[in-house]
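**Q** what's the 3D shape of this:
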Amino acid sequence: MMIVDGRGQTETALLAGEILCPDCSSPLRPHGQARTRTVRGPGDTRLTMRPRRARCTGCRRTQILLPAALSVRRADTVEVIGTALAAKAAGSGYRTIAAHMGRPLSTVRRWLRRVPETHAHWLYEQAVQHAFRLNPDTLARPKPWPSLLGWSLNILAGAALAYRHRVDVDLPPWTLIGLFTQGNLLSPPLRT
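**A** The predicted model follows:
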């Protein structure tokens, strides 16, 4: 699965062979559609979409091109999950977050558990890399947070705003954060 920005240029780039396979770096070509997905957005909104599928011309593996507004293997958008993580970083508990967002307690608790300290470090690394590449001044005086997760989300938000300013796109900041974190705002589930 690959994360793409979700704009129309993705289809054009795919047709032109500009999107490369993450495994062998050969061009990807269109290969139909993945199954239709319905995910929850903020509040009661629902987003129904059918991601593009692509096949590598070299290794013949297929990839699903998931828009950055969606999170890998989650029924909620990056914006919803990110808002919950930001609330956790600000000191809210899972019960308060769940009540405020209208999500089940078990879902919110699961999200918060998917960001252990090791994943918060990974998010921080992604944040610093993107912020430094886009605007090193973002790293000069970020807002102080009591947790590494808060620092990470703050720097990711700064990088997203720098990207919007530099590239002049109107993608929402959470979508850009989904792009920067490759759809892994939450740590991937453990494979057994």
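**Q** going forward, measure contacts and count neighbours with C-alpha atoms only.
**A** OK.
**Q** Can you give me the domain assignment for this structure?
**A** The chain breaks down by automatic domain parsing into domains covering 2-67, 78-180.
**Q** start to end distance for the longest one?
**A** Between the start and the finish of domain 78-180 there is a gap of 11 Å, counting by CA to CA, to the nearest Å.
**Q** just stretch 133-140 next, same as before
**A** End-to-end distance (CA to CA), stretch 133-140: 14 Å.
**Q** Show me what it is in contact with.
**A** Contacts to stretch 133-140, defined as CA atoms under 8 Å, 6 or more residues apart in numbering, come from residues 128, 131, 132, 155, 158, 159, 162, 163, 166.
**Q** before we move on, back to that, deepest in the core, which of the domains of the chain is it.
**A** domain 78-180 (a mean of 18; mean count of other CA atoms under 10 Å).
**Q** so where's the longest helix in the protein?
**A** Longest helix of the chain, by residue count under DSSP state H: helix 148-167.
**Q** Run the chain-centre distance for that helix.
**A** Distance, stretch centre to chain centre, for helix 148-167: 12 Å (CA atoms, centre = their mean, to the nearest Å).
**Q** Can you spell out which helices and strands pack onto that helix?
**A** helix 78-89, helix 117-134, helix 173-180 (3 or more CA pairs under 8 Å, 6 or more residues apart in numbering; DSSP states H and E).
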